[in-house]
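[1] Got a sequence here, can you model it:
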Amino acid sequence: MKLLMVLLLLFPYLTKVADNDYPDKEMDFIRANYIKAVSDKKLCKAMLVQLHTKNGNSVYLAYRGAFKTIWASHAINPIVKLNAFNKGKKDIENAVKENPDNIEIRFIRLSIQQNCPSFLGYNNEVEQDLQFIHENKNSITSTLLKNMIAKVVKKEIR
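    This next block holds a predicted model:
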């Protein structure tokens, strides 16, 4: 009986500790799907739906923009492609304006700019973002993010 009472008293604290891990797991889920969405149209669409409800966080905004630009590669209609890309680009740039010192947001912009067609003219900040990432790479705590950046930047980040 005493054990049950102790557990009931501690339950609110135990759930808060478990909730603290959720944002990291959620971010790793988004990061992993960011890599996969390029080749998986259904996954890309599902991530857009999931991120549509996320507000108030510039990293979510940047990923939402990135998934929109990826969606452009899955679309067939040229007008849909261009609209999706432009909306995604706008979200990414808004995220950078909101939080210019966030390495993950700068990585997202870099990865899109390095991989989008040059005729779209979205490649002006590649060198700036590469330099920023290189100078701030020691602040990265997520192993998954480090690996993603290493693949894009073509340098090992430790």
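[2] mind checking which helix or strand the nearest residue in space to R109 that is not next to it in sequence is in?
    Spatial nearest neighbour of R109, excluding adjacent residues (Cβ to Cβ, 6 or more residues apart in numbering): I92 at 5.2 Å. Placement of C-beta: from N, CA and C, glycine included. Assigned by DSSP states H and E, I92 belongs to helix 78-98.
[3] Contacts for that helix next, please.
    With Cβ atoms under 8 Å, 6 or more residues apart in numbering as the test, helix 78-98 has contacts from 58-59, 61-62, 64-73, 75, 102, 105-106, 108-109, 112, 116, 120, 122.
[4] same thing but 7 Å
    Taking contacts as Cβ atoms under 7 Å, 6 or more residues apart in numbering, the residues outside helix 78-98 that touch it are 58, 61-62, 64-66, 68-69, 71-72, 75, 105, 108-109, 112, 120, 122.
[5] ok, now stretch 50-58?
    Stretch 50-58 has contacts (Cβ under 7 Å, 6+ apart) with 60, 63-64, 67, 95, 98-99, 102, 105.
[6] got it, and stretch 102-111?
    Residues contacting stretch 102-111 (Cβ under 7 Å, 6+ apart): 58-59, 62-63, 66, 92, 95-96, 99, 125-126, 129-130, 132-133, 136, 139-140, 145, 149, 152.
[7] Perfect, I'm done here.
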